[in-house]
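Enquirer: What would the 3D arrangement of this be:
(2 chains)
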Amino acid sequence: MGEIEELRKEADSLKDQITAARKAVQDTTLQEAVASITVVGRVQMKTRKTLRGHLAKIYAMHWGADAKLCVSASQDGKLIVWDSITTNKVNAIPLKSSWVMTCAYAPSGNLVACGGLDNMCSIYNLKGKDGNVKVMRELAAHTGYLSCCRFLSDSEIITSSGDCTCVLWDIETGTQKTIFAGHQGDCMSLAVSPDFNFFISGACDFTAKLWDIREGQCRQTFGGHESDINAIGFFPNGNAVITGSDDATCKLYDLRADQELITYQDSGIMCGVTSLAPSFSGRLLLAGYDDFNVNIWDALKAERVGVLAGHDNRVSCIGVSADGMACCTGSWDSFLKIWN
Amino acid sequence: MKTAQTAFKMSGSTQEEEELPANHTGPKGVINDWRKFKLDSVDQTVPQSKRELLRQMSSQREDDKERLTRKMSVQEYELIQEEDERCLKRYRKQCMQEMHERLSFGPTFEAVYELESGEDFLEVIEKEHRLTLVVVHVYQHGVKGCEQLNSCLDCLASEYSGVKFCRIDAVATGAAERFSPEVLPALLVYKAGELLGNFLAVTKHFHEEFFATDVEAFLNEYALLPEKEFTACADDEDEEGDVE
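Expert: This is a model prediction of the structure:
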């Protein structure tokens, strides 16, 4: 028993040291730093396009790097690749499982991936020689559901899973290159840094972790949320991380200061955050809530400046295009809409 | 602090008040949809013992820490299998139908209401049912476009009975300085006490002559009007492969 007590004391002392170190570098607060800046005016976005074709709730969507094509995954068991300008369906890919939780578009535009309750990440080649889209690889090794996946390139992809781990895969061989273990709860979401050297994961242990992809290690852990982190994203310059949680708040953490800068909350909001996307400049934060509502926040002043899809609460997922020109929302009524 | 999850967990399975139970979106949304499918499905391959397990997992107890961090149990993973496409189709339609019904529940209105004072205005914004959309037209006699807009709204009020259309004379608001003729007619859209849309001098978005359909289209661009009726999407054509 003595040894456990010793270790516990050591752990507590280390935690105190971390807290002290963080306090030591905190020379100001975000509120003070932006005191002279005025809040962004009301944001009212218009629907520019409606993408029709799915037959059930949209579970996830992801923009391609060209900011024109995007892929969506629906409860109807299909992945559809859309041309968001013409609203044409470029590909309609039937999936083995209807319970798909995530989809991703490779930066090259050659591949898409998806996964869900089948515990696997399936990779599809959109540019096959005979023009047909088929499964290229099925990455199977996770012992839990596949909550999120993001491509690093055509040969590498990172997945997060309900088995509490994230994995870097070699797509060619279908094997795990690195396993990122450390979270104490289901991993719900991940995002890759703009320079592709790091990724962050949010989990049901209420923490977010920053991982060094090549070294395979957790570099930083961010706490403070009072419930599961469902959504996570990088601030556009890569120096900060934004998380969305079941505790109805979003938080902004600065990587260099290793601490939380601000919390986006409102006493009127009692619903968990399940998706988020910063605008191109990072000044606006679009947060999707579990009641199908989307709030638009002024990221610096932490004030709500609008709602998206004002009337009906319909939004089940959101994504902002790489060039910042538009945002796409998926809905429980099977449609996707493009806004700006 | 209570998490949003616990706040909604208590609502159980019957919905008179239209509170959405937690976890409809994201990966947890998928898990809950799957659980509901397994419980609801006529497919009798799910034995009674497993149904009980699914029911338990759907209403997680706060005191069980292990359950909190792990969202699916080992037994549940074992229940995942090939599913009957017909059952799935039925389930998907049912999901959307339920959501539509949930959102169309609420009071109905017949015509445009004339608000007489600033207090009336505040009352209508704050007291309406939280699902009811409130559209307020601030007008003034003699200002161009107001009369046209009024007749458009009379039209829309009969088509969208779930939306409360109102109008108020700028002078009656008690805030006439705010509503000077240059910014009129103005359309303000509220729901559950919150300002969703603020369109001053709204007629600048329309041509000289405009009709109810133009106003309708304008509000629809901002997704501010409800769907007129639930149109079931064509689910009898199965698309396989590429579609260009």
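Enquirer: And for the helix or strand hosting B:N150, what's in contact with it?
Expert: Secondary-structure assignment from DSSP states H and E places B:N150 in helix B:146-159. Contacting residues not belonging to helix B:146-159 are listed as B:109-112, B:135, B:137, B:139-140, B:163, B:165, B:167, B:184-185, B:187, B:202-203, B:209-212, B:214-216, B:228 [Cβ atoms under 8 Å, 6 or more residues apart in numbering or on different chains]. Where C-beta positions appear, they are placed from N, C-alpha and C, glycine not excepted.
Enquirer: Let's see which of those residues end up in helices.
Expert: Per DSSP state H, helices hold the following members of these: B:A212, B:D214, B:V215, B:E216.
Enquirer: Spatially nearest residue to the last one, not counting backbone neighbours?
Expert: Among residues not flanking B:E216 along the chain, B:L156 sits closest, at 6.0 Å (Cβ to Cβ, 6 or more residues apart in numbering or on different chains).
Enquirer: where does the one you found land on pLDDT?
Expert: On the pLDDT scale, B:L156 is placed at 95.
Enquirer: ditto for B:P226
Expert: With respect to pLDDT, B:P226 scores 84.
Enquirer: can you pull the contacts of it?
Expert: A:H311, A:D312, B:L103, B:S104, B:L133, B:Y160, B:G162, B:V163.
Enquirer: The contacts of helix B:146-159 in strands, which ones?
Expert: Of those, the ones assigned to strands by DSSP state E are B:V135, B:H137, B:Y139, B:F165, B:R167, B:L187.
Enquirer: For B:E123, see how far away the third one is.
Expert: From B:Y139 across to B:E123, the span is 19 Å (Cβ to Cβ, to the nearest Å).
Enquirer: Between these two, tell me which one has more neighbours.
Expert: B:Y139 (22 against 12; other Cβ atoms under 10 Å in any protein chain shown).
Enquirer: thinking A:V135 is in contact with A:S122, fair?
Expert: Yes: counting by Cβ atoms under 8 Å, A:V135 touches A:S122, with 5.5 Å between them.
Enquirer: neighbour count winner among these two?
Expert: Per other Cβ under 10 Å, whichever of A:V135 and A:S122 has more neighbours is A:S122, with 25 against 12.
Enquirer: what about the helix or strand hosting that one, near chain B?
Expert: Assigned by DSSP H and E, A:S122 belongs to strand A:120-125. No: with Cβ under 8 Å from any Cβ of the partner chain as the criterion, chain B is not reached by strand A:120-125; the gap is at least 11.4 Å.
Enquirer: I'd like the next helix or strand past that strand.
Expert: strand A:134-140.
Enquirer: B:D33: which of the contacts of B:P226 is nearest?
Expert: Checking the contacts of B:P226 against B:D33 by Cβ to Cβ gives B:L103 as the nearest, at 17.7 Å.
Enquirer: Identify the residue nearest the closest one in space, chain neighbours excluded?
Expert: Using Cβ to Cβ, 6+ apart, the closest residue to B:L103 is A:D312 (5.7 Å).
Enquirer: right, and the one you found touches B:G106 too?
Expert: No: A:D312 is beyond contact range of B:G106, at 11.8 Å (criterion: Cβ under 8 Å).
Enquirer: And these two? Which one has more around it.
Expert: A:D312 (23 against 18).
Enquirer: Quickly find the element holding the more buried one.
Expert: Per DSSP H and E, there is no helix or strand for A:D312.
Enquirer: what about it, distance to A:D333?
Expert: To A:D333, A:D312 is 8 Å away according to Cβ to Cβ.
Enquirer: got any residues that touch both of these two?
Expert: With Cβ under 8 Å, 6+ apart as the test, A:D312 and A:D333 both reach B:E227.
Enquirer: In space, what's closest to A:G268 - neighbours in sequence excluded?
Expert: According to Cβ to Cβ, 6+ apart, the nearest residue to A:G268 is B:E194 (7.9 Å).
Enquirer: Hmm, A:V307 and that neighbour touching each other?
Expert: Yes: contact criterion Cβ under 8 Å: B:E194 and A:V307 qualify, at 7.4 Å.
Enquirer: Between those two, point out the one with more neighbours.
Expert: A:V307 (24 against 13).
Enquirer: about what we covered before: check what contacts the strand holding A:S122 and list those residues.
Expert: Here strand A:120-125 has contacts from A:79, A:93, A:95-96, A:110-115, A:133-140, A:142, A:146, A:149, A:157, A:159, A:169, A:171, using Cβ under 8 Å, 6+ apart.
Enquirer: could you dump it to PDB, C-alpha only?
Expert: Taking C-alpha atoms only, strand A:120-125 is exported to PDB below (Å, rounded to 0.1, in the frame of the first residue of the first chain):
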ATOM      1  CA  MET A 120     -13.000  -0.700 -39.700                       C
ATOM      2  CA  CYS A 121     -11.700   2.100 -41.900                       C
ATOM      3  CA  SER A 122     -12.600   1.400 -45.500                       C
ATOM      4  CA  ILE A 123     -10.600   3.200 -48.200                       C
ATOM      5  CA  TYR A 124     -12.100   3.700 -51.700                       C
ATOM      6  CA  ASN A 125     -10.200   4.600 -54.800                       C
END
